[in-house]
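Participant: Have a look; sequence and predicted model below, questions after that.
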Amino acid sequence: MTNQPIQPSSTSRNAVMAILLPIVLIGHFLWNVLTPAHEFPLRPEQVMTMTFDFFMLAGLFAFKRQMPQPLFWIALIAGVGLFALRLSSHGWWTGHLVYSFPPR
């Protein structure tokens, strides 16, 4: 008898990602809605954040069958909401709902 190494199953990793991805997407949306922005990011950071949000939203569809349906729909609304926050002039740069200067 030979001892063969046990390889982790890819289904367990996919199950973890199918739960972790929507939680991160929902958390990011809640952070942007509940926390005011205090400064504008640089242009590369703004584009990188929007790209990251887009790929998380696309990844949500890749794991759609492996996650609970209510979690998928809540995360989908949060992902679309991240782009809806960028429709205002300050929101375009910050991605947050509210923009304010901190007191000095």
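Facilitator: Done, it's in.
Participant: Do a quick rundown of the helices in this structure.
Facilitator: According to DSSP state H, the chain carries its helices in the segments 10-34, 43-62, 69-84, 89-94.
Participant: Output those helices in CSV; the columns should cover mean neighbour count.
Facilitator: (Each C-beta comes from the backbone N, C-alpha and C, glycine too.) Below are those laid out as CSV (neighbours: other CB atoms under 10 Å):
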stretch, mean neighbour count
helix 10-34, 15
helix 43-62, 14
helix 69-84, 16
helix 89-94, 16
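Participant: Next up, the contacts around the residue most central in space within the chain.
Facilitator: Here the mean C-alpha position of the chain is nearest to the C-alpha of residue 25 (CA atoms, centre = their mean), at a distance of 2.8 Å. Residue 25 sits next to 56, 57, 60, 75, 78, 79, 82 when contact means CB atoms under 8 Å, 6 or more residues apart in numbering.
Participant: got the contact list for the spatially closest residue to it that is not a sequence neighbour?
Facilitator: Distances taken as CB to CB, 6 or more residues apart in numbering place residue 75 nearest to residue 25, at 4.7 Å, with adjacent residues excluded. For residue 75, the contacting residues are 21, 22, 23, 25, 26, 60, by CB under 8 Å, 6+ apart.
Participant: between those residues, which is nearest residue 44?
Facilitator: Nearest to residue 44 among the contacts of residue 75 is residue 25, at 21.9 Å by CB to CB.
Participant: Can you give me the end-to-end span of stretch 27-41?
Facilitator: 20 Å (CA to CA, to the nearest Å).
Participant: chain center to it, what's the gap?
Facilitator: 12 Å (CA atoms, centre = their mean, to the nearest Å).
Participant: which residues are in contact with that stretch?
Facilitator: 49, 53, 56, 78-79, 81-82, 85, 90, 93-102.
Participant: Kindly provide the whole-number mean pLDDT of that stretch.
Facilitator: Taken as a whole, stretch 27-41 has a mean pLDDT of 93.
Participant: Any regions of the chain where pLDDT drops low?
Facilitator: 1, 6-11 (pLDDT under 70).
Participant: Return the residues in contact with the nearest residue to residue 14 once chain neighbours are set aside.
Facilitator: Nearest non-adjacent residue to residue 14, counting by CB to CB, 6+ apart: residue 66, 5.8 Å away. By CB under 8 Å, 6+ apart, the contact set of residue 66 is 14, 15, 18.
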